Every structure is written in structure tokens, then in C-alpha cells.
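In: compute the structure for the input listed below.
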Amino acid sequence: MQELKTNVILPGDSIELMNSLPEKSVDMIFADPPYNMQLGGELLRPDNTLVDGVSDDWDHFDDPKAYDDFTVAWLTAARRVLKDDGTITVIGSYHNIFRVGYILQNLGFWILNDIVWIKDNPTPNMKGTRLCNAHETMLWCSKNKNSKFTFNYEALKVLNDDKQMRSDWNLPICSGNERLRTASGESLHSTQKPEALLYRLLLMASRPGDIVLDPFFGTGTTGAVAKKLGRRFIGIEREQKYIDGAQKRIDAITSISDLADLEFSCKRKEPRIPFGQVLEYGLLQAGDWLFDAKQKLTAKVRSDGSLLADGFTGSIHKVGAFLTGAPSCNGWTFWYFEKKHHDLEVIDTLRQELRQKIYA
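Out: Got it, this is the predicted structure:
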């Protein structure tokens with residue numbers, strides 16, 4: 001069994017090396033496996049210049065069964081090394097992602113989301129025989145249905161200008177100075193992923209200090225972003241030219257010195273505060289009135305922390321849902337109380353005040 005070292009690139013076969021790592025030792029896996037694109041012959045632009053497509057030997061398989069056998073083998077190895085509460089994200093195209101999804105489910109993984117990466121600047125269909133292929137699909141999975149996986153919902157919402165992050169991500173392909181090139185100016189790797197994509201994924205499903213494994217490391221985008229975000233990484237790559245490029249790329253990155261800069265709010269991790277404690281600490285009292293944001297709905301606070309409105313009694317959440325006819329309601333953000341000078345403030349500020357008072 002190989003000792004678990006992090007922030008390293010392991011040279012060799014991904015399946016063999018994953019099987020040599022300690023069981024249940026990594027928090028997150030990002031996998032960009034061969035797509036088995038089955039390209040036949042050269043692809044030319046209308047001006048007869050050659051398109052730099054995926055023609056590498058590592059993307060060639062004899063038939064669909066050979067690809068399926070390969071996929072079962074590496075996903076089985078990945079499952080063994082993934083922690084019970086860890087997640088895996090596999091990216092692919094129409095060539096392979098449906099086969100990969102079928103195998104993921106057969107192995108016991110639980111699909112949390114399919115994320116569509118919509119490319120802002122896709123490569124056009126040169127022959128004009130099909131639609132321009134402008135997206136790739138990522139399958140984000142927990143190890144099983146009951147895994148308590150990391151999902152930094154609030155961080156993604158802030159990243160998206162305080163709007164809930166959707167599963168369709170508009171991001172450009174890797175180009176310009178970000179793309180690694182050979183001495184002759186050609187792309188070092190035909191399928192290098194943009195850092196923006198990995199930034200969002202790592203922010204979504206990991207926390208500072210977590211170990212992120214990439215079994216098809218390529219030019220090291222996962223490692224580069226992990227270093228920027230204070231995560232540890234393990235890369236596996238068998239092509240020395242990619243290892244050299246990735247290592248040089250990662251070495252040039254300066255780690256963030258102040259770990260506090262890597263922290264972000266995560267309400268799910270914050271201590272639970274019942275509304276009744278607001279009364280116990282004297283921040284509100286029985287008989288006070290609460291209002292909705294437009295001051296059209298009102299409810300009276302009772303001594304046990306319940307509310308009374310239109311003859312209905314219940315929690316801050318149930319009364320809010322009752323008055324609006326909604327199936328559910330977050331009472332902490334729905335209800336407001338009156339401060340001095342008749343200004344209204346959301347009661348969630350009282351919850352935050354209590355967290356600071358009780359748990360700081």
C-alpha cells in the first residue's frame with residue numbers, strides 16, 4: 001500500500017495507482033477520462049487547415065465493450081479510495097457520458113446533479129453535417145444515497161451574484177495564455193479544461209484542506225486550482241510531457257498565505273438557533289408584532305416562540321407558509337421586526353446576533 005502523499009503528481013496507470021492508495025482517503029474526485037471520441041481520419045477546416053482535434057492514442061479503444069471495461073475498472077478503483085461522504089464529478093461528451101452514467105449507477109454511486117458546461121466559444125462543426133457541439137456534461141455523484149456530502153450552497157450563491165446557482169454553466173473553453181503549449185506553439189494537451197470550471201467545482205464540493213484526486217491529471221488544471229483554493233491534490237498521469245507541463249504550471253502558483261481568505265459562509269454548518277431563544281435572551285418579547293417585507297402581513301409573537309395570525313398558531317415558518325399559501329417558508333428571512341424610528345429589520349439578524357453571543 002502506497003503512503004498517502006498530497007500535492008504530488010504520481011506517474012503511471014490511474015487504475016493501478018488508485019488501487020495502491022489507502023482506502024477511503026480522498027474527499028473529492030474530479031475525473032476527465034478519455035471520451036472515446038472515435039474520430040476517423042483528419043478533420044479539416046474549409047480552408048483545408050488541420051483542426052487540432054483529439055487523435056491521441058490514449059483516446060482509442062477497440063470497441064464499446066473495451067471502453068466499458070476500462071470505465072468499470074477505474075470507477076471501481078475510484079470508489080474504493082473515496083471517503084464515504086465524498087463526491088466524484090466525471091465530465092464527458094455525448095460519445096461517452098451516457099455509458100459512464102449507467103456504470104456509475106451500477107456501481108452504487110448516487111447522481112446528485114448533471115451539470116451542463118455550455119461553452120461560450122465552442123469549436124464550430126467544420127463540415128456542417130451536424131449541430132455545433134457546444135456543451136459537455138458533468139455527473140456529480142455521492143458515494144451512496146445516504147452520504148453526508150459537502151455542498152457549499154451559500155458560497156456558490158454569492159459567487160453567482162446572490163442568485164441560486166443553476167446546473168447550466170456558461171464558461172469559455174481553455175484558450176489564450178491559459179492553454180499550455182509546446183515549444184513550437186501547439187497545444188500541449190487537446191482537452192485541457194479551463195480553470196474557471198474547476199474553480200467552481202472545487203468551491204462547490206470541497207473545503208480548504210480537503211484532498212482532491214484527479215486520476216487523469218493531464219496538464220494539471222485540478223492541481224493548479226486546488227493550490228489556489230487551499231485544497232490538497234493528488235494527480236495521476238502516465239504521459240511524461242503532461243507531467244512536466246503540469247508541474248511547471250503548479251510550481252509557478254503562489255499559495256494564499258492567509259487561510260482566513262479561503263473561508264466562506266456556510267449556514268448549514270452554523271449552530272442551530274430556535275426562534276424561542278430570541279425571546280429567552282430578550283431580543284424580542286411576547287406581544288411583539290412581526291411583519292412581512294411589504295408590511296401587508298402581520299403576526300403576534302407568543303411566549304413559547306410561536307406566532308399567532310388570523311387565528312392560526314405555529315412556528316415562524318408554518319405561519320409564514322399559512323399566510324402566503326406556500327408549501328413552505330423560511331421564517332427567518334420572511335419576518336421582520338420593528339426597530340427604533342419604525343425601521344424594519346429581518347429577524348435573521350437576531351439569529352446571527354445570538355450565534356455571536358452564545359458560540360463566539
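
In: residues contacting the residue nearest to Thr324 when sequence neighbours are not counted?
Out: Of all residues not flanking Thr324 in the chain, Leu297 sits nearest, at 7.6 Å (CB to CB, 6 or more residues apart in numbering). (C-beta placed from N, C-alpha, C; glycine too.) Contact partners of Leu297, counting by CB atoms under 8 Å, 6 or more residues apart in numbering, are Phe291, Ala309, Leu323, Thr324.

In: need the contact list for the first one.
Out: Applying CB under 8 Å, 6+ apart to Phe291 gives the contacts Leu297, Thr298, Trp335, Tyr336, Phe337, Glu338, Leu344.

In: is it bridged to anything, and to what?
Out: Thr298, Tyr336 (DSSP bridges).

In: check what pLDDT it gets.
Out: Phe291 is assigned a predicted lDDT (pLDDT) of 95.

In: relative to His342, how far out is it?
Out: 11 Å (CB to CB, to the nearest Å).

In: likewise for Leu297?
Out: Taken as CB to CB, the span from Leu297 to His342 is 17 Å.

In: for Thr313, same thing?
Out: Counting by CB to CB, the gap from Thr313 to His342 is 27 Å.

In: next one: Asp85
Out: Taking CB to CB, one finds Asp85 at 48 Å from His342.

In: between those two, who's got more neighbours?
Out: More crowded of Asp85 and His342, by other CB atoms under 10 Å: Asp85, with 15 against 6.

In: and stretch 185-200, what's buried?
Out: By 16 or more other CB atoms under 10 Å, the buried positions in stretch 185-200 come out as Leu188, His189, Thr191, Gln192, Lys193, Pro194, Glu195, Ala196, Leu197, Leu198, Tyr199, Arg200.

In: where in the stretch 251-360 of the chain is pLDDT low?
Out: Scanning the stretch 251-360 of the chain for pLDDT under 70 picks out the ranges 257-261, 263-269, 360.

In: surely Phe109 meets Thr87?
Out: No - counting by CB atoms under 8 Å, Phe109 stays clear of Thr87, with 9.2 Å between them.

In: which secondary structure state is assigned to Gly218?
Out: Following DSSP: H, G, I helix; E, B strand; the rest coil, Gly218 is assigned to coil.

In: where does it land on pLDDT?
Out: 92.

In: and it, how many neighbours does it have?
Out: 24.

In: now Arg99: which helix or strand?
Out: Here Arg99, judged by DSSP states H and E, is contained in helix 97-106.

In: now do that helix, average pLDDT.
Out: 97.

In: kindly report the same for stretch 185-205.
Out: Here the average pLDDT along stretch 185-205 is 88.

In: would you mind giving the contacts of Leu297 as a markdown table with distance to Asn113 and secondary structure added?
Out: Below are the contacts of Leu297 laid out as a markdown table (distance: CB to CB, whole Å; DSSP: H, G, I helix; E, B strand; the rest coil):
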| residue | distance to Asn113 | secondary structure |
| --- | --- | --- |
| Phe291 | 37 | strand |
| Ala309 | 37 | strand |
| Leu323 | 33 | helix |
| Thr324 | 28 | helix |
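
In: just the buried ones among those, please.
Out: Phe291, Ala309, Leu323.

In: save those residues as a markdown table, and put in distance to Ile250 too.
Out: As requested, the buried ones among the contacts of Leu297 are arranged in a markdown table below (distance: CB to CB, whole Å):
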| residue | distance to Ile250 |
| --- | --- |
| Phe291 | 54 |
| Ala309 | 58 |
| Leu323 | 55 |
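
In: of those residues, closest to Arg166?
Out: Leu323 (29.1 Å; CB to CB).

In: am I right that Ile243 is in a strand?
Out: No - checked against three-state DSSP, Ile243 lies outside a strand; its state is helix.

In: how many residues are close by it?
Out: Count around Ile243 with other CB under 10 Å applied: 20.

In: check contacts around it.
Out: Ile9, Pro11, Phe217, Glu237.

In: redo that, cut-off 6 Å
Out: Ile9, Pro11, Glu237 (CB atoms under 6 Å, 6 or more residues apart in numbering).

In: can you check these and name whichever has the most neighbours?
Out: Glu237 (26 neighbours).

In: give me the phi and psi for that one.
Out: phi -150, psi 140 (degrees, to the nearest 10).

In: enumerate every residue touching it.
Out: Ile9, Phe217, Ile243 are the contacts of Glu237 under CB under 6 Å, 6+ apart.

In: now it, which residues is it bridged with?
Out: Pro11.

In: for Asp210, see how far away it is.
Out: For Glu237 relative to Asp210 (CB to CB), the value is 21 Å.

In: Ile118 too?
Out: 27 Å.

In: and for Gln240?
Out: Taken as CB to CB, the span from Gln240 to Asp210 is 28 Å.

In: doesn't Ala196 make contact with Leu171?
Out: Yes - between Leu171 and Ala196 there is a contact under CB atoms under 6 Å: 5.0 Å.

In: next, the closest residue to Met18 other than its chain neighbours: secondary structure please.
Out: Sequence neighbours aside, Ala77 is the residue nearest to Met18 in space, at 3.8 Å (criterion: CB to CB, 6+ apart). Classification of Ala77 by three-state DSSP places it in helix.

In: now do the contacts for Ala77.
Out: With CB under 6 Å, 6+ apart, Ala77 has these contacts: Ile15, Met18, Asn19.

In: quick one: the residue lying closest to the last one once chain neighbours are set aside from Ser206, how far?
Out: If you skip the residues right next to it in sequence, Asn19 has Ala77 as its closest partner in space, 5.1 Å away by CB to CB, 6+ apart. Plainly put, Ala77 is 20 Å away from Ser206 if you go by CB to CB.
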